[in-house]
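K.L.:
predicted coordinates and the sequence they were generated for:
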Amino acid sequence: MRFNRSRSKFSPQLKIEVRMPDQTDPLRELIDGHAHLNEVNDIEGAIDRAAAAGLARIVAVGMDIASNRRVLEIAASYPGFVLPAVGFHPWSITTEPIEATLAFVRTHLATCTALGEVGLDYKAKVKKAVQWEVFARVLDLAVEFEKPVIVHARFSHLRCHRMVSEAKIKKAVFHWYSGPLDLLEKIMADGYFVSCTPALAYSTHHRSAMRHAPLERILIETDCPVEYQGRVSEPVHLLDTLTHLSRIKDLPLEEVARFTTANARAFFGIR
């Protein structure tokens, strides 16, 4: 896949010359299910490197009004390759006006691939009651617009699962899941997904969760530009996630790629 750089890289009119991936090769259809592209330095280069490495899609997530706007801009510049998700991250609640951010999400969610990143974070310096209210309201939007939800659940797995389940969300992925294994069973029973990152290289809890989760319910991602063991990530490092998951599952790389891509397509509604 090669990208035409003849115009401004964030111009909504930017045209992309797409070389369709070999549909018989699962390593040419990979989907990064969670990337903060608005925070990535050299987005143009990062996207070119990702496409050259075999990625077919990147789901770009937002956290507040500014990042949501940026995500929409980037997605407009790379249509079909970057898929936008708008969200309201718990870290942003302290600085973002709640009503304005919720209004922005409502205005743009219909044209987005997913709602995210949203959820709870009990290490954030935001009162739990406020987090619960915001999360409940964005979950209502997901139901209204029939969108899958990308859930942040740091130190709040039980409450996040309960709220997602009680809101009757049809599709949810518990991002970078490192929570309890008994809760993982409930997440699977509800038909939800979990995702993994390059942290599989060193995180005991994350590795344990992915070892126990069925491959049919796992998405792969980078959460870039998170730094893993001293290296700032970008979408091309999705191959690291795939490689670590392949080793954990003791399955060929191509088979894990085929499953996780099919999962992402089903979850995000990608044709």
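P.N.:
Cool, the structure landed.
K.L.:
please make it C-alpha for all contacts and neighbour counts, starting now.
P.N.:
Will do.
K.L.:
need the strands for the stretch 51-200 of the chain, in chain order.
P.N.:
For the stretch 51-200 of the chain, the strands defined by DSSP state E, counting those that start in this stretch cover 55-61, 82-88, 114-121, 149-154, 172-174, 193-196.
K.L.:
can you lay out the ones you listed as JSON lines showing distance to G269?
P.N.:
Formatted as JSON lines, those follow (distance: least, CA to CA, whole Å):
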{"stretch": "strand 55-61", "distance to G269": "12"}
{"stretch": "strand 82-88", "distance to G269": "11"}
{"stretch": "strand 114-121", "distance to G269": "9"}
{"stretch": "strand 149-154", "distance to G269": "12"}
{"stretch": "strand 172-174", "distance to G269": "13"}
{"stretch": "strand 193-196", "distance to G269": "14"}
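K.L.:
make CSV out of these and add mean pLDDT.
P.N.:
Shown next, in CSV, are those (pLDDT from 0 to 100):
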stretch, mean pLDDT
strand 55-61, 98
strand 82-88, 98
strand 114-121, 98
strand 149-154, 98
strand 172-174, 98
strand 193-196, 98
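K.L.:
please produce TSV containing the ones you listed, extended by mean neighbour count and distance to L183.
P.N.:
TSV is the format used below for those (neighbours: other CA atoms under 10 Å; distance: least, CA to CA, whole Å):
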stretch	mean neighbour count	distance to L183
strand 55-61	27	25
strand 82-88	29	24
strand 114-121	28	16
strand 149-154	24	12
strand 172-174	25	11
strand 193-196	26	12
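K.L.:
between those, which gets nearest to H237?
P.N.:
Closest to H237 of the strands of the stretch 51-200 of the chain is strand 55-61 (CA to CA; 10.1 Å).
K.L.:
quick one: the closest one to chain centroid distance?
P.N.:
Taking the mean of its C-alpha atoms, strand 55-61 sits 8 Å from the chain's own mean (CA atoms, centre = their mean, to the nearest Å).
K.L.:
quick one: that strand to strand 149-154, angle?
P.N.:
With axes from the mean of the first three to the mean of the last three CA atoms, to 10 degrees defining the directions, strand 55-61 sits at 60 degrees from strand 149-154.
K.L.:
who touches strand 55-61?
P.N.:
With CA atoms under 8 Å, 6 or more residues apart in numbering as the test, strand 55-61 has contacts from 21, 27-37, 68, 71, 75, 80-87, 113, 116-117, 235-236.
K.L.:
which members of those are classed as buried?
P.N.:
Among the contacts of strand 55-61, those classed as buried by neighbour count (16 or more other CA atoms under 10 Å) are 21, 27-37, 68, 71, 75, 81-87, 113, 116-117, 235-236.
K.L.:
in helices, which of these fall?
P.N.:
Judged by DSSP state H, those include 68, 71, 75 as members of helices.
K.L.:
from those residues, pick the one nearest P198.
P.N.:
The closest of these, once distances to P198 are taken by CA to CA, is V71, at 22.3 Å.
K.L.:
ok, that closest one - contacts?
P.N.:
V71 makes contacts with 37-38, 60-62, 84-86, as judged by CA under 8 Å, 6+ apart.
K.L.:
so how many other residues sit close to L253?
P.N.:
Neighbour count of L253, defined by other CA atoms under 10 Å: 18.
K.L.:
can you verify my assumption that it contacts D240?
P.N.:
No - between L253 and D240 there is no contact under CA atoms under 8 Å: 10.9 Å.
K.L.:
which elements pack onto the helix ranked longest in the chain?
P.N.:
When the chain is parsed with DSSP H, its longest helix is helix 128-145. Packing partners of helix 128-145 (3 or more CA pairs under 8 Å, 6 or more residues apart in numbering; DSSP states H and E): helix 98-109, strand 114-121.
K.L.:
which other residues reach that helix?
P.N.:
Taking CA under 8 Å, 6+ apart as the rule, helix 128-145 contacts 88, 90, 93, 98, 102, 106, 109-110, 115, 118-120, 122, 148-149, 163-164, 167-169.
K.L.:
if any of these are buried, give me the ChimeraX selection for them.
P.N.:
Selection of the buried residues among the contacts of helix 128-145 in ChimeraX, burial being defined by 16+ other CA under 10 Å:
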select :88,90,93,98,102,106,109,110,115,118,119,120,122,148,149,163,164,169
